[in-house]
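**Student:** Return atomic coordinates for the entry below.
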Amino acid sequence: MKKLLIATFVLSTLLLTGCFSSGSPILDGKIDGNKFVSSDFSLMIPQDWEIVQKFDNTYPDNTVVAIRNHVKNTDFVANINVTYSTIESEIDVKKFAAQMLSTHKTTLTDFKEISHGDFPITVKGNSATSVLNVFEGKQGPSSPTLRFLQTYGYQGSNVYVVTGTYSINEEMFAREKVENALKSFEIK
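**Tutor:** Below is the predicted model of the structure:
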């Protein structure tokens, strides 16, 4: 089970390869009630889920926060993670999202695109449009089918990737918590 969770984080990291520059954001996030708040973004988090902010070497270096369901499904632990990449120059979010989706197509077994479209987020207090990619796949032939929900937001030269992942067999309340967290993503 831990291998599957780590594989999800690694997948997010691999997707950002090629976008890095030498800088990185200040990782100053904290928990404020039911919200994870950093100087660049905020995200509502499920109250009863486990928050991971101190990472050992099994987590990618670009992980900002990981939030995991406290109820352990038998085949996968529903989770939300935020990773970042520092980019040389700001690229169009739709092109970035398409690049990410293309990478997922080649890295997941039995990849299936569910939806791809505009997604409302808040940027510096104003309404803005990002992209929400929803897709399914397996991390290997014997792994469970997972559903991924992924959106993106820029703050200066940093792009934050928020990925929610759950087993398609996950209970509805866990799926809703993942979806609600993504809907709350806000760039400051």
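**Student:** residue boundaries of the strands in the chain?
**Tutor:** Here the chain has its strands, by DSSP state E, at 30-32, 35-37, 41-44, 50-52, 63-68, 79-86, 109-123, 126-138, 146-155, 158-167, 186-187.
**Student:** hey, C-alpha coordinates of the longest one in PDB?
**Tutor:** Meaning strand 109-123. Extracted C-alpha coordinates of strand 109-123, given in PDB (Å, rounded to 0.1, in the frame of the first residue of the first chain):
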ATOM      1  CA  THR A 109      -1.100   1.100 -17.800                       C
ATOM      2  CA  ASP A 110      -4.700   1.000 -19.100                       C
ATOM      3  CA  PHE A 111      -4.800   4.800 -19.300                       C
ATOM      4  CA  LYS A 112      -8.300   6.300 -19.900                       C
ATOM      5  CA  GLU A 113      -9.000  10.000 -20.200                       C
ATOM      6  CA  ILE A 114     -12.300  10.800 -18.400                       C
ATOM      7  CA  SER A 115     -12.400  14.600 -18.900                       C
ATOM      8  CA  HIS A 116     -10.200  17.500 -19.700                       C
ATOM      9  CA  GLY A 117     -11.400  21.100 -19.500                       C
ATOM     10  CA  ASP A 118     -11.400  24.500 -17.900                       C
ATOM     11  CA  PHE A 119     -11.500  24.600 -14.100                       C
ATOM     12  CA  PRO A 120     -12.200  27.800 -12.100                       C
ATOM     13  CA  ILE A 121      -9.600  28.700  -9.500                       C
ATOM     14  CA  THR A 122      -8.900  31.900  -7.500                       C
ATOM     15  CA  VAL A 123      -5.700  33.700  -8.300                       C
END
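**Student:** What strands line up against that strand, and which way round?
**Tutor:** Using DSSP bridges, strand 109-123 pairs in its sheet with strand 126-138 (antiparallel), strand 186-187 (parallel).
**Student:** quick one: average confidence on that strand?
**Tutor:** Strand 109-123 carries an average pLDDT of 95.
**Student:** Return the distance of the residue positioned nearest the centre of the chain relative to residue 127.
**Tutor:** The structure's the chain has its C-alpha centroid closest to residue 163; by CA atoms, centre = their mean the separation is 1.9 Å. According to CB to CB, to the nearest Å, residue 163 and residue 127 sit 23 Å apart. Heads up, the C-betas are built off the backbone N, CA and C, glycines and all.
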